[in-house]
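J.: what would the 3D arrangement of this be:
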Amino acid sequence: MTRQQSGVIESVKDGIVSSIEGSGEVAGAVVHAVSHTVSKAIEGVGGVTGSLVRASSEVAQGTIQAVTEVGGNLGEATKGLVIGVLRGGKQAGAVQIEAIGQTAEEAIRSTARLSGELGAAAKGLVEGAVHGAMELGIDVSEAVQAAGTGAMKAAGEIGSEAGRKVRDALTDSIAGAKVILKEPFQPARSKDKTQEE
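T.: Residues are numbered from 1 along each chain as shown. Prediction:
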């Protein structure tokens with residue numbers, strides 16, 4: 001991890017911890033801190049679209065660390081995280097569906113590292129995708145699929161128990177949307193490579 005990445009993660013974490021401790025409200029604190037940080041991070045590198053994906057990964061780590069530190073609700077936090085990433089991207093002119101997937105992946109990885117509730121985190125990610133997409137006028141089904149696929153991809157990398165917890169959490173309708181899980185969650189290998197092995 002670079003010094004700059006560490007600075008973004010700590011900045012997000014400190015901002016969220018202060019807001020939660022001051023107000024006790026998780027989702028609003030996360031949305032505000034994340035959208036501000038994402039917007040500034042993108043502007044800081046000249047609005048490069050790929051920076052939204054990088055920034056979303058860093059703020060996901062900081063968000064999960066902060067909420068875990070104060071004992072907040074991970075579902076509310078991950079919902080606020082996705083909404084904040086989308087708002088921050090919009091403010092900087094760089095809304096991307098792939099940022100939702102990257103945010104979901106990193107949120108699940110960070111939740112697992114900190115022994116958090118993976119199911120609650122996964123549901124919150126999808127809820128945030130629904131609400132954020134509706135707010136910004138982007139395709140809700142694409143946003144939901146990106147969140148669900150990102151969460152499952154990370155859970156699958158962590159292990160079978162993590163995969164089961166996330167899959168179970170995503171099987172019901174969430175915020176009026178249904179995640180259609182398509183396996184495998186890892187990038188598909190080409191047929192030529194598969195046949196050679």
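
J.: so which residues of this protein form helices?
T.: Ranges of helices in the chain, per DSSP state H, are 3-23, 26-44, 50-70, 74-91, 97-113, 118-136, 140-158, 160-170, 191-196.

J.: could you dump those helices to CSV with mean pLDDT?
T.: Formatted as CSV, the helices of the chain follow (pLDDT from 0 to 100):
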stretch, mean pLDDT
helix 3-23, 72
helix 26-44, 72
helix 50-70, 81
helix 74-91, 88
helix 97-113, 93
helix 118-136, 95
helix 140-158, 95
helix 160-170, 94
helix 191-196, 39
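
J.: what sits against residue 141?
T.: Contacts for residue 141 (C-beta atoms under 8 Å, 6 or more residues apart in numbering) come out as residue 177. (C-beta placed from N, C-alpha, C; glycine too.)

J.: circling back to that earlier point, can the helices of the chain go into a markdown table with extra columns for distance to residue 177?
T.: Shown next, in a markdown table, are the helices of the chain (distance: least, C-beta to C-beta, whole Å):
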| stretch | distance to residue 177 |
| --- | --- |
| helix 3-23 | 26 |
| helix 26-44 | 18 |
| helix 50-70 | 20 |
| helix 74-91 | 13 |
| helix 97-113 | 13 |
| helix 118-136 | 5 |
| helix 140-158 | 5 |
| helix 160-170 | 10 |
| helix 191-196 | 33 |
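
J.: those helices: which one's closest to residue 176?
T.: Comparison of those against residue 176 by C-beta to C-beta identifies helix 118-136 as nearest, at 6.8 Å.

J.: name the residues of that closest one that come out as buried.
T.: 118-133 (16 or more other C-beta atoms under 10 Å).

J.: figure out which of the helices of the chain is closest to residue 179.
T.: Minimum separation from residue 179 across the helices of the chain (C-beta to C-beta) falls at helix 140-158, 3.5 Å.

J.: contacts only, for residue 98.
T.: Counted by C-beta under 8 Å, 6+ apart, residue 98 has contacts 53, 146.
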